[in-house]
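1. what's the 3D shape of this:
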Amino acid sequence: MSLPTEPTSTPDRANHRQRQKEETRRIVRECAAELFEQKGFAKTTMRELATRAGVGLGTIFKHFPDKGSLLVACYREDIGEVTRRGLATLPEGDLQAQLLHLTTRLYAFYAQRPALSRVLARESTLMEGTGADEMRKLFADFLERVAELFAIAQERGELGANIDCQDATAAFWSFYYSGLIGGLMAPEFSVEAMVEFVRRLLEQHFQGIIASDRPSGTKSK
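-> Below is the predicted model:
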């Protein structure tokens, strides 16, 4: 006579369910990325995704409230890790070098899957719903970290005391985003070429573009 087996403990069952949930989310996210690359954002349907992922349509909506949030999820965790590693390995004491270090890491990430990155860049500008909210938060978090680098550089005397760090961060973002779009528009994303492009813009920005011999008080026409 065999002894009855003890039922699985509640914590074990909860952990198992959580692992299943995470695995389902991963599968859906990876299948979505493949479809976005192959068909684009607009032509990818949630029903088609459910078929490819082998799950019910309702299951997808339990994890992702709309298609925009699904697109963001396709890269959010990975780009977050790239950003964290980039910030953890910053060169010391040189703001321009730090900004280019981050730019290089991020461009290299986008260049790995340019088709998916193009979809993200195109759709993120006009995205609505939950996905748009998540995208804005990602941008805001990244720019906040960059603004901290500007503030620290200002504290160590690398930037003038009159510099507005938020405005300076916005300028860097425009350079960074221009390079990203330029790389994605090219047949092949050249990380080196786009980083060099951003370097030149930063160099000019840091040096200033007003002529040093311009008479004091002269106004632009």
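2. which of the helices or strands spans the residue nearest the centre of the chain?
-> By Cα atoms, centre = their mean, the mean C-alpha position of the chain lies nearest to residue 79, the distance being 5.0 Å. Following DSSP states H and E, one finds residue 79 within helix 67-88.
3. what is the least confident helix or strand in the chain by mean pLDDT packed up against?
-> Lowest on mean pLDDT, DSSP states H and E among the helices and strands of the chain sits helix 10-39, with a mean of 87. Applying 3 or more Cβ pairs under 8 Å, 6 or more residues apart in numbering; DSSP states H and E, one finds that helix 10-39 contacts helix 46-53, helix 57-63, helix 67-88, helix 114-124. (Glycine included, C-beta is placed from N, CA and C.)
4. among those helices, which is nearest residue 157?
-> With respect to residue 157, and counting by Cβ to Cβ, the nearest of the helices and strands packed on helix 10-39 is helix 67-88 at 21.8 Å.
5. with only the CA atoms kept, save that closest one in CSV.
-> This file holds the C-alpha atoms of helix 67-88, laid out as CSV (Å, rounded to 0.1, in the frame of the first residue of the first chain):
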residue,chain,number,x,y,z
LYS,A,67,-0.6,46.3,-29.4
GLY,A,68,1.4,49.4,-28.5
SER,A,69,2.3,48.0,-25.1
LEU,A,70,3.3,44.7,-26.7
LEU,A,71,5.6,46.6,-29.1
VAL,A,72,7.2,48.4,-26.1
ALA,A,73,7.6,45.1,-24.3
CYS,A,74,9.5,43.6,-27.2
TYR,A,75,12.5,45.7,-26.3
ARG,A,76,11.9,47.3,-22.9
GLU,A,77,13.7,44.7,-20.7
ASP,A,78,16.6,44.4,-23.0
ILE,A,79,17.1,48.1,-23.6
GLY,A,80,16.8,48.6,-19.8
GLU,A,81,19.6,46.2,-19.2
VAL,A,82,21.8,47.8,-21.9
THR,A,83,21.2,51.2,-20.3
ARG,A,84,22.1,49.9,-16.8
ARG,A,85,25.3,48.3,-18.0
GLY,A,86,26.2,51.4,-19.9
LEU,A,87,25.7,53.6,-16.8
ALA,A,88,27.7,51.1,-14.7
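6. buried residues in it?
-> Using 16 or more other Cβ atoms under 10 Å as the test for burial, helix 67-88 gives 67-76, 79, 82-83, 86-87.
7. which of these lies closest to residue 197?
-> Using Cβ to Cβ, residue 86 is the member of the buried residues of helix 67-88 that lies nearest residue 197, at 18.5 Å.
8. is it true that that closest one touches residue 109?
-> No - checked against Cβ atoms under 8 Å, the pair residue 86 and residue 109 is beyond contact range at 9.4 Å.
9. touching both of the two, which residues are there?
-> Common contact partners of residue 86 and residue 109 (Cβ atoms under 8 Å, 6 or more residues apart in numbering): none.
10. could you dump the helices and strands packed on helix 10-39 into CSV and include distance to residue 103?
-> Below are the helices and strands packed on helix 10-39 laid out as CSV (distance: least, Cβ to Cβ, whole Å):
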stretch, distance to residue 103
helix 46-53, 33
helix 57-63, 32
helix 67-88, 9
helix 114-124, 15
